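Chemist: Just the structure for this:
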Amino acid sequence: MSDLRTAETLTIPPLPVLFQARLHPRADWIDQRTIDWMLSHRLIEPGREETFVRQMHMGRLAAWSCPEAETDHALLLACVLAWMVLLDDRLVDPVADKDEMRELAERWMSFDIIVHDPQAATVHNTPMERALRELCRRIRPSATLDQWSRIQEAILRTLIGYSAKAGHKSDSYRPSLAQFRLIRYYTSGLLIFPPLLEIFCATELTPDVALDADIHALNTMSAAIVTTVHEIATCPHDVRRGIRNLPVLLAEEHACSIQDGLHLAATELGELTAQFNDRCKKVEARNLPGSAAYIKALQHLIAGHPSWTEETKRYTPGS
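Modeler: I've put the predicted structure just below:
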């Protein structure tokens with residue numbers, strides 16, 4: 001149930017300045033071209049829908065996340081991010097509301113077919129499927145075999161996460177804090193970032209380095225930092241809509257107010273940031289090939305998200 005009164009009283013606590021945020025010099029161009037791409041694939045319709053999506057600034061999210069990428073690469077990342085957001089908004093939530101998990105499974109099989117063979121036929125050939133085909137065709141030539149395999153795996157894991165999210169929502173099941181953290185990680189859209197950062201930021205890691213335990217830890221921590229920042233920044237919006245996000249679940253776990261839950265989440269963020277910095281130092285000491293540039297790319301990703309949450313209108317009242 002929504003809680004408008006509580007939402008209006010919530011105050012976002014001060015958050016640690018993680019890293020210096022930078023914006024891609026062609027951010028506005030990337031933002032507009034992302035809208036053009038969505039319109040061209042009929043992922044959105046002109047008019048009211050376009051106006052709302054335009055205020056989300058998905059192109060600028062990519063521009064904040066990869067400020068040093070080539071412009072075409074930053075645009076391609078923006079299109080991937082837009083597709084991921086629509087995956088949640090247009091498929092997962094409506095299907096869960098209708099309790100049609102069978103439909104979701106069929107859509108996932110079509111997506112899996114496409115990421116393994118963009119030329120293969122699928123049953124529905126929806127706009128989402130056609131857009132994914134194009135994304136695969138554009139990314140694949142720039143990826144090594146190992147990077148492409150990791151992208152395929154990341155998409156599959158993301159779909160598994162959305163299945164869990166839809167299943168919980170469909171059954172009106174309230175996930176525990178531990179379950180929520182896992183689902184949030186899998187549905188954050190961040191699982192696909194490691195190989196994409198390598199491709200778009202020109203920092204290829206060898207398969208051995210990409211699978212290294214310390215690199216994996218950095219990937220997991222950076223995702224946790226970004227999602228925690230997001231959960232804190234969007235808490236008033238979620239409470240307004242009756243969504244149980246991280247601060248709400250922390251408040252329930254510790255039998256305290258949601259405002260106190262926000263402060264607990266901010267404390268977690270500080271701890272995650274310290275752990276990430278410590279692990280960065282460990283990786284730097286090991287001098288793994290390509291790791292210095294990769295760490296820099298992760299830092300840009302982490303720094304950019306708070307800046308985007310201040311710009312986007314996706315989480316303002318009435319959205």
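Chemist: what's the burial count for the nearest residue to residue 191 once chain neighbours are set aside?
Modeler: Nearest residue to residue 191, sequence neighbours excluded (C-beta to C-beta, 6 or more residues apart in numbering): residue 154, at 4.1 Å. (Glycine included, C-beta is placed from N, CA and C.) Residue 154 has 20 neighbours, counted by other C-beta atoms under 10 Å.
Chemist: who's in contact with residue 154?
Modeler: 191-192, 194-195 (C-beta atoms under 8 Å, 6 or more residues apart in numbering).
Chemist: Mind listing what's buried along the helix or strand where it lies?
Modeler: Per DSSP states H and E, residue 154 falls inside helix 145-170. Within helix 145-170, the residues that count as buried by 16 or more other C-beta atoms under 10 Å are 146-148, 150-152, 154-156, 158-159, 161-163, 165-170.
Chemist: same check, this time on stretch 199-215
Modeler: By 16+ other C-beta under 10 Å, the buried positions in stretch 199-215 come out as 199-201, 203-205, 209-210, 212, 215.
Chemist: Identify the farthest-apart pair in those.
Modeler: By the measure C-beta to C-beta, 200 and 212 form the most distant pair in the buried residues of stretch 199-215, at 20.6 Å.
Chemist: if we can go back for a sec, for the buried residues of stretch 199-215, point out the one with the lowest pLDDT.
Modeler: Among these, residue 203 carries the weakest pLDDT, at 82.
Chemist: Surely that residue and residue 196 touch.
Modeler: No: counting by C-beta atoms under 8 Å, residue 203 sits too far from residue 196 to count as a contact (11.0 Å).
Chemist: check contacts around residue 60.
Modeler: 23, 27-28, 30-31, 308, 311-312.
Chemist: where's residue 20, which helix or strand?
Modeler: Counting by DSSP H and E, residue 20 is part of no helix or strand.
Chemist: do residue 38 as well
Modeler: Going by DSSP H and E, residue 38 is part of helix 27-40.
Chemist: ok, and what's touching the helix or strand that that helix is followed by?
Modeler: Later in the chain than helix 27-40, the nearest helix or strand by DSSP H and E is helix 48-56. With C-beta under 8 Å, 6+ apart as the test, helix 48-56 has contacts from 35, 38-39, 44, 82, 85, 312-314, 319.
Chemist: Rounded mean pLDDT for helix 48-56, please.
Modeler: Per-residue scores along helix 48-56 average to 92.
Chemist: for stretch 249-261, same thing?
Modeler: 95.
Chemist: Buried by neighbour count: which residues of it qualify?
Modeler: For stretch 249-261, by 16+ other C-beta under 10 Å, it's 249-251, 258-259, 261.
Chemist: same thing with stretch 126-142?
Modeler: Buried residues in stretch 126-142, defined by neighbour count with 16+ other C-beta under 10 Å: 126-129, 131-136, 138-139, 142.
Chemist: Show me what it is in contact with.
Modeler: Contacts of stretch 126-142 (C-beta under 8 Å, 6+ apart): 41-43, 73, 76, 79-80, 83, 86-87, 90-91, 107, 110-111, 114-115, 118, 122, 148, 151, 196, 199.
Chemist: So which of these are in strands?
Modeler: Judged by DSSP state E, strands contain none of the contacts of stretch 126-142.
Chemist: how about low-confidence regions in the protein?
Modeler: Residue ranges of the chain with pLDDT under 70: 1-4, 95-99, 169-173, 316-319.
Chemist: any idea which residue sits dead centre in it?
Modeler: When C-alpha atoms, centre = their mean is applied to the chain, the residue found nearest the centroid is residue 189 (3.2 Å).
Chemist: quick one, what contacts the nearest residue to that one once chain neighbours are set aside?
Modeler: Among residues not flanking residue 189 along the chain, residue 84 sits closest, at 4.2 Å (C-beta to C-beta, 6+ apart). The neighbourhood of residue 84, defined by C-beta under 8 Å, 6+ apart, consists of 158, 189, 192.
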